[in-house]
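Asker: Fold the following, please.
(2 chains)
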Amino acid sequence: MQTLVAEAVASASALPETSASAISASDPDAELVAHWQAGDLRAFETLVRRHERRVFRLLYRMLGSREEAEDATQEAFLSLHRHGHRFRREARFSTFLYRVAANAALNRRRSLGRARARVEEFGRRHLVGDEGPASAPDPEATAHGAQVQGAVQQALLELPKDLRMAVVLFDIEGRAYKEIADVLGVPEGTVKSRIHRGRSALRESLREFLERREPGEKP
Amino acid sequence: MRTKHTDRLALSRDEGSRYDADEIDAVVTLLRSLPDPEPSSDLAARIMRRVSEVEAQPRVLRAFFGRPWTSNVAAALAAGIACAVVGLRLAPLATPSGVVATRPGDPHASIIAAAGPAIETRAAHFSGSPPEAALPVLPTANFQPANLLDWRLDMQLNELQLDPQAFFRRLERVRERERFVQRLAERAARRGDAAQVALNVRTVSHPLAQPVVEQLLHASLIRQVSTSPR
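Answerer: Residues are numbered from 1 along each chain as shown, chains lettered A, B, ... in the order given. Have a look, this model is predicted:
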């Protein structure tokens, strides 16, 4: 985990287009970051509260388990705090934080067996509708909605990590190509290619649900 | 000029392409329909608690271990260290051949003798055991750490010899690496086995092995010079 920030720093430092001062001026976190880097823990706490949901959401999509996502979120913020003085504000703080979180997700090691068990458990819980956010108030809607959502999340978890990360950042989190390229430390063309490959793989995995639709109907 | 819109128009002229594009759109819609998970309400508090724990640790340990030593981990480590110390104090008394070795004036000798039959260690059953010289040098009966930091450095020296690759992998992530290695080497020199540790580590294939060996030898040399009679 300690290398995550180092990697993030290296990547963020390689962003030549915008000057550090210009980014600082436009970064809504700049002032808090400055206080935190001066040793103010309260500023760091504010940053944590401001960004924890975003980081958690990304890690949840990547790892598929609430517990693991919370653990990884904690590790990401701890790592950030430990090495935060290296953040030189060449990129926006949120981009930098995304990168730390993305590395946390990409580097997380897990045995294949555990991963498979987790995917199956996730699908099962979705089918019975007890995975918190998937539950809808209407029981009838829950049955179909939860089944579809479970299948989507499961298909997402079965994607290779690099494709999954690109799809999650673009299609779910709504990040721009440029920002994703910065976060992942790859060219924009690679980001686009990964998104396309990820979507195509999801399309194959979710064919059953897509074929149920009438022409022109949204799923 | 080619735009997303013109691409769409081009695609829409072809039935198959239009179907593909529709399906991809449907996949995206499915992805966007996923509900947003919410973290536990106390997640930020837990993060800040861990940050405070890390802040409370000495800097060198914080840098090396990379995670806070929770009370559970600390308790488990303390228990492990206690067992290791007791075991290591007794270890020299039992040899692989099953013969009880004693040293003159050793207080354990009478205990072992009173216990009756010689202690037979598991090593006696392995004819293919590595020669003693190839084994890492562990602190033995002389192991009396002056303070907790020495104790932890001793543990790291053990780790360095028992599983050098794991040790170096962790060392890669240490920010104040030089300072840490220097303290480690000084500790090894103080307890008198820096040269032996260097000997054990020198064949390890890792980029950090050489600097560590050099530091150990350097510390050993400095120690010898500083303690030799003029």
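Asker: Neighbours of residue B:33, how many?
Answerer: Residue B:33: 14 surrounding residues under other Cβ atoms under 10 Å in any protein chain shown. For glycine as for every other residue, the C-beta is placed from the backbone atoms N, C-alpha and C.
Asker: from what I can see it touches residue A:149, true?
Answerer: Yes: between residue B:33 and residue A:149 there is a contact under Cβ atoms under 8 Å: 7.1 Å.
Asker: Tell me which stretches of chain B form helices.
Answerer: Listed in chain order, the helices of chain B (DSSP state H) span B:4-12, B:15-32, B:43-55, B:59-65, B:71-90, B:107-115, B:148-162, B:164-172, B:177-191, B:194-201, B:209-227.
Asker: Same list, these, but as a markdown table with mean neighbour count please.
Answerer: As requested, the helices of chain B are arranged in a markdown table below (neighbours: other Cβ atoms under 10 Å in any protein chain shown):
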| stretch | mean neighbour count |
| --- | --- |
| helix B:4-12 | 11 |
| helix B:15-32 | 16 |
| helix B:43-55 | 17 |
| helix B:59-65 | 17 |
| helix B:71-90 | 12 |
| helix B:107-115 | 12 |
| helix B:148-162 | 18 |
| helix B:164-172 | 16 |
| helix B:177-191 | 19 |
| helix B:194-201 | 21 |
| helix B:209-227 | 17 |
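Asker: Got the confidence number for residue 145?
Answerer: No chain in the question, so chain A it is. According to the per-residue confidence, residue A:145 scores 71 in pLDDT.
Asker: Wait, chain B was what I had in mind.
Answerer: Residue B:145 is assigned a pLDDT of 51 by the prediction.
Asker: again, but for residue B:214
Answerer: Turning to residue B:214, the model gives it a pLDDT of 88.
Asker: separation between it and chain A?
Answerer: Between residue B:214 and chain A the distance, using Cβ to the nearest Cβ, to the nearest Å, works out to 24 Å.
Asker: Is there proximity between the helix or strand where residue A:60 lies and chain B?
Answerer: Assigning secondary structure by DSSP states H and E places residue A:60 in helix A:41-63. Yes: for helix A:41-63 and chain B, the contact criterion (Cβ under 8 Å from any Cβ of the partner chain) is met by A:41, A:44, A:45, A:48, A:49, A:52, A:53, A:56, A:57, A:60, A:61.
Asker: Just the buried residues out of those, in PyMOL syntax.
Answerer: One line in PyMOL is enough to select the buried ones among these; burial here means 16 or more other Cβ atoms under 10 Å in any protein chain shown:
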select buried, chain A and resi 44+45+48+52+53+56+57+60+61
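Asker: So which of the residues of helix A:41-63 next to chain B is the closest to residue A:83?
Answerer: If you rank these by distance to residue A:83 using Cβ to Cβ, residue A:44 comes first, at 12.6 Å.
Asker: Now that closest one: closest residue in space, sequence neighbours ignored.
Answerer: The shortest distance from residue A:44 to any residue other than its chain neighbours is 4.4 Å, reached at residue A:36 (Cβ to Cβ, 6 or more residues apart in numbering or on different chains).
Asker: Could I get the contacting residues of the one you found?
Answerer: Listed by Cβ atoms under 8 Å, 6 or more residues apart in numbering or on different chains, the contact set of residue A:36 reads A:43, A:44, A:47, A:84.
Asker: which residues touch the second one?
Answerer: When you say that, I think you mean residue A:44. Counting by Cβ under 8 Å, 6+ apart, residue A:44 makes contact with A:32, A:36, A:81, A:84, B:48, B:51.
Asker: quick one: pLDDT of it?
Answerer: On the pLDDT scale, residue A:44 gets 93.
Asker: for whichever strand or helix holds residue A:96, which positions count as buried?
Answerer: Secondary structure assignment for residue A:96, by DSSP H and E: helix A:93-107. For helix A:93-107, a neighbour-count test (16+ other Cβ under 10 Å) marks A:93-105 as buried.
Asker: which other helices and strands contact it?
Answerer: In terms of contacts (3 or more Cβ pairs under 8 Å, 6 or more residues apart in numbering or on different chains; DSSP states H and E), helix A:93-107 is packed against helix A:2-13, helix A:41-63, helix A:66-83, helix A:161-167, helix A:177-184.
Asker: in chain A, what secondary structure element scores lowest on mean pLDDT?
Answerer: helix A:2-13 (a mean of 49; mean pLDDT, DSSP states H and E).
Asker: Equivalent analysis for chain B, please.
Answerer: The helix or strand with the lowest mean pLDDT-type score in chain B, counting by mean pLDDT, DSSP H and E, is helix B:107-115 (a mean of 41).
Asker: List, one by one, the residues from chain B near chain A.
Answerer: Counting by Cβ under 8 Å from any Cβ, the residues of chain B that sit close to chain A are B:22-24, B:26-40, B:43-44, B:46-48, B:50-52, B:54-55, B:62, B:66-68, B:172-175.
Asker: circling back to that earlier point, could you check the angle helix A:66-83 makes with the helix holding residue A:96?
Answerer: 120 degrees (axes from the mean of the first three to the mean of the last three Cα atoms, to 10 degrees).
Asker: Restricting to C-alpha, output helix A:93-107 in CSV.
Answerer: As requested, the backbone C-alpha atoms of helix A:93-107 are provided in CSV (Å, rounded to 0.1, in the frame of the first residue of the first chain):
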residue,chain,number,x,y,z
PHE,A,93,-6.4,16.4,-5.3
SER,A,94,-9.5,14.4,-6.2
THR,A,95,-7.6,13.0,-9.3
PHE,A,96,-4.7,12.1,-7.0
LEU,A,97,-7.0,10.5,-4.5
TYR,A,98,-8.7,8.5,-7.3
ARG,A,99,-5.3,7.3,-8.3
VAL,A,100,-4.4,6.1,-4.8
ALA,A,101,-7.8,4.3,-4.6
ALA,A,102,-7.5,2.8,-8.0
ASN,A,103,-4.1,1.4,-7.1
ALA,A,104,-5.5,0.1,-3.9
ALA,A,105,-8.1,-1.8,-5.9
LEU,A,106,-5.7,-2.9,-8.7
ASN,A,107,-3.0,-4.1,-6.3
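Asker: Point me to the helix or strand that includes residue A:32.
Answerer: helix A:30-37.
Asker: Identify each buried residue in that helix, please.
Answerer: For helix A:30-37, a neighbour-count test (16+ other Cβ under 10 Å) marks A:30, A:32, A:33, A:35, A:36, A:37 as buried.
Asker: In JSON lines: those, plus pLDDT.
Answerer: Shown next, in JSON lines, are the buried residues of helix A:30-37 (pLDDT from 0 to 100):
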{"residue": "A:30", "pLDDT": "89"}
{"residue": "A:32", "pLDDT": "91"}
{"residue": "A:33", "pLDDT": "90"}
{"residue": "A:35", "pLDDT": "90"}
{"residue": "A:36", "pLDDT": "89"}
{"residue": "A:37", "pLDDT": "87"}
